[in-house]
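*Asks:* Just a sequence and a predicted model for now, questions to come.
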Amino acid sequence: MIRKWGTTLIAGFALGVLALGPAAAEYPEKPINVVIPAGPGSATDTNARLVLNAIAEKQSLGQPAVVINVNGGPIAATRVKDAAPDGYEILVYHIGLMGTKAVGKLDFGVEAFEPIAQTGSTNFIVVVAEEGPYADFQALVDAARAAPGEINEANSIGGASHIATLQLAAAAEFQPRVVHVGDGPTRLQSVLGGHSAYTVVSPQEYKGFSGTGIKAVAVMGPERSPDLPDVPSTAELGYPTEISVDTWWFAPKDTPAEVVDKLAGAIEEAMNDEALQDSYRKQGVAPTFLRGEELAKRLATVDALVAPMGAALGGN
């Protein structure tokens, strides 16, 4: 259009309009950085990449996504919080964001971002040693109640798994000795080695150790897992829990609504893909999708559950 009009004045005006900012152009015009506070191959990374692959196949955004794996939730969250609110730097995180704020490692939480979407929800699995003293979950509960503070729980203090087990212990009315061990595979090794009585892990982590001598005794949540039909849920055992690991996508605060909506729309289209849903289910992840008001309500509910846990999670 500038060449057609052929005047320096109008050309300069048009360039000035384009320079006003991202709202003056069609988003996105360049690759989008997707920051993930976990390494390649982690559950969060895998779940996010499945969505991004589906978006790329459908060409929903017309620009590639560049995955940036950051070692450390606080570092990743701060990076995106401080990024320009233009939709070119987004964060994929989970309940760990609330936990990190609760323990004082961050002075901000979900309120510092514009929520885009939720993609998937995972319930933890309570695991004991197959040859250990606990035939089922109730046997574990009875033992923990009989010896307050003496039953070792392998965990990652302050992390998502710790948030889950705090609610579990409160629901079942027992008090374990929480031992900081590390990630899921390391916690499972602690149980296998007899150093811990139990732990909680993701379905992916449990599958990775299948046949090594571990045993699932409960699925945290309202229902049994389709992959573990013989393992009862904590709700049916009389110990309801609400903590799950939902995958959330965030943009920096004040990102334009039209940009957030475009990202949410592309993610929703990807989540409607049956192949992606099958991939999620094979990993033990429910392919739930939320955006807008439903997502805001879910974030508020989880935040209200986690915020009071600060001291118990290791905060001051």
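*Replies:* In hand now; what should we look at? Numbering: from 1, shown residues only.
*Asks:* Show me which residues of stretch 146-162 are buried.
*Replies:* The neighbour-count check on stretch 146-162 (16 or more other CB atoms under 10 Å) flags 151-162 as buried. Using the backbone N, CA and C atoms, a C-beta is placed for each residue, glycine as well.
*Asks:* First-to-last residue distance for that stretch?
*Replies:* 22 Å (CA to CA, to the nearest Å).
*Asks:* likewise stretch 193-204?
*Replies:* Its first and final residues considered, stretch 193-204 spans 20 Å by CA to CA.
*Asks:* ok, L52 - contacts?
*Replies:* Applying CB atoms under 8 Å, 6 or more residues apart in numbering to L52 gives the contacts 34, 65, 67, 270.
*Asks:* what about 10 Å?
*Replies:* The contact partners of L52, by CB atoms under 10 Å, 6 or more residues apart in numbering, come to 32, 34, 61, 64-67, 92, 266-267, 270.
*Asks:* what does P308 give?
*Replies:* Counting by CB under 10 Å, 6+ apart, P308 touches 102, 166.
*Asks:* Swap in 8 Å and give it another go.
*Replies:* A102.
*Asks:* okay, it: pLDDT?
*Replies:* pLDDT, P308: 89.
*Asks:* Give me the pLDDT for S210.
*Replies:* Note for S210: predicted pLDDT of 87.
*Asks:* ok, which stretches of this protein are strands?
*Replies:* For the chain, the strands defined by DSSP state E cover 32-36, 65-69, 89-93, 113-122, 125-129, 152-155, 177-180, 199-201, 214-219, 245-252, 286-290.
*Asks:* what about these, which gets the closest to A169?
*Replies:* strand 152-155 (8.0 Å; CB to CB).
*Asks:* and that closest one, average pLDDT?
*Replies:* Mean pLDDT, computed over strand 152-155, is 96.
*Asks:* who does that strand touch, helix- and strand-wise?
*Replies:* If contacts are counted by 3 or more CB pairs under 8 Å, 6 or more residues apart in numbering; DSSP states H and E, strand 152-155 sits against helix 160-172, strand 177-180, helix 184-192, strand 199-201.
*Asks:* Residues touching the shortest one, excluding its own?
*Replies:* In other words, strand 199-201. For strand 199-201, contacts defined as CB under 8 Å, 6+ apart pick out 124-127, 153-155, 161, 164-165, 168, 181, 184, 187-188, 190-191, 209, 220.
*Asks:* Ok, the third one next?
*Replies:* Residues outside helix 184-192 that contact it (CB under 8 Å, 6+ apart) are 127-129, 132, 154-156, 161, 179, 181, 196-199, 201-202, 205-206, 208-209, 212-214.
*Asks:* Then the second one?
*Replies:* With CB under 8 Å, 6+ apart as the test, strand 177-180 has contacts from 149-157, 162, 165, 190, 195-196.
*Asks:* now those residues as TSV including distance to V306?
*Replies:* TSV is the format used below for the contacts of strand 177-180 (distance: CB to CB, whole Å):
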residue	distance to V306
G149	23
E150	27
I151	24
N152	24
E153	18
A154	21
N155	15
S156	15
I157	14
H162	10
T165	13
S190	24
H195	28
S196	23
